[in-house]
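Undergrad: Any chance you can model this:
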Amino acid sequence: MPKASVEYPEDEFDVVDSTRPRSPHRAPKSLARRIVPFVVAIILGPLLAYVIVTAISTGSLPGQGGDGTTSQTTGGTVTPSVEPDDEDETGATSEEPSPEETGSDDETTDDETTAEEPAAEPDLATRVMVLNSTSIAGLAGQGRDALEAAGWTDVATGNFSGTLPGSTVFYGEDDPVLEASARAVAEELGIEKVEFDAEQASDPITVVLEADFEP
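TA: Numbering: from 1, shown residues only. Got it, this is the predicted structure:
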């Protein structure tokens, strides 16, 4: 049945104000509110991407040092906040003193080791046997007299059966004092040859005089 065409007088609900919302749930958005989200997205998007890339590449967030320590910004300069080491607090260093600073104990030891020991002094009381190996009479006695005049106190004489290439002083023990004594006897008698020979030395020191001996 067709609706009757009836006109009603306008009331307050038929008058619409263009400046008021058309309904309580849908209000017209201004231009600024429509643009702001896009501007925020444009600014924050690259910044967020930079933060993510930096965190992945360095393993730390901006504002944090590569070793995980935070940085403090003072006057435009970034200063890492690092705990001082104990050595830095005390001013101690790990360097060891050089040999010049500590003194060379090794050099002193080497000098003591390589220093020559004092030469042994001859013992003038050592028994000396002077033997004549020639046909010259009294040759051994002349040697004895020379030694006694030099201070030797125990000198004997005898004959030697055999011949040597030259006058020789023998000593029978490998002892520094006995060797020094034998060399002193040889020097006093003008004999150059001194030998360690226990068989030839019938006494601690044995002198065999040959024809080359000159009293």
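
Undergrad: Can you list the residue ranges for strands in the protein?
TA: Secondary structure of the chain (DSSP state E): strands at 71-74, 77-80, 128-132, 155-159, 168-171, 193-196, 205-209.

Undergrad: Mean neighbour count, distance to Ile42 and mean pLDDT added to those, as JSON lines?
TA: Quick note: C-beta positions are derived from backbone N, CA and C, even for glycine. Shown next, in JSON lines, are these (neighbours: other C-beta atoms under 10 Å; distance: least, C-beta to C-beta, whole Å; pLDDT from 0 to 100):
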{"stretch": "strand 71-74", "mean neighbour count": "11", "distance to Ile42": "27", "mean pLDDT": "46"}
{"stretch": "strand 77-80", "mean neighbour count": "10", "distance to Ile42": "28", "mean pLDDT": "52"}
{"stretch": "strand 128-132", "mean neighbour count": "24", "distance to Ile42": "122", "mean pLDDT": "96"}
{"stretch": "strand 155-159", "mean neighbour count": "15", "distance to Ile42": "126", "mean pLDDT": "96"}
{"stretch": "strand 168-171", "mean neighbour count": "24", "distance to Ile42": "114", "mean pLDDT": "97"}
{"stretch": "strand 193-196", "mean neighbour count": "14", "distance to Ile42": "110", "mean pLDDT": "96"}
{"stretch": "strand 205-209", "mean neighbour count": "27", "distance to Ile42": "118", "mean pLDDT": "96"}
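
Undergrad: Tell me how many other residues surround Ile52.
TA: Neighbours of Ile52 under the rule other C-beta atoms under 10 Å: 11.

Undergrad: where does the protein have low pLDDT?
TA: Counting by pLDDT under 70, the chain has low-confidence residues at 1-30, 59-116.

Undergrad: The strands of the chain into TSV, with extra columns for distance to Glu187?
TA: As requested, these are arranged in TSV below (distance: least, C-beta to C-beta, whole Å):
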stretch	distance to Glu187
strand 71-74	89
strand 77-80	84
strand 128-132	13
strand 155-159	15
strand 168-171	9
strand 193-196	9
strand 205-209	12
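
Undergrad: Looking at these, spot the one closest to Ser181.
TA: Ser181 lies closest to strand 205-209 among these, at 6.2 Å (C-beta to C-beta).

Undergrad: So what are the sheet partners of the closest one and their directions?
TA: As defined by DSSP bridges, the strand partners of strand 205-209 come to strand 128-132 (parallel), strand 168-171 (antiparallel).

Undergrad: got CSV for those, with distance to Ala180 too?
TA: Formatted as CSV, those follow (distance: least, C-beta to C-beta, whole Å):
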stretch, distance to Ala180
strand 128-132, 13
strand 168-171, 10
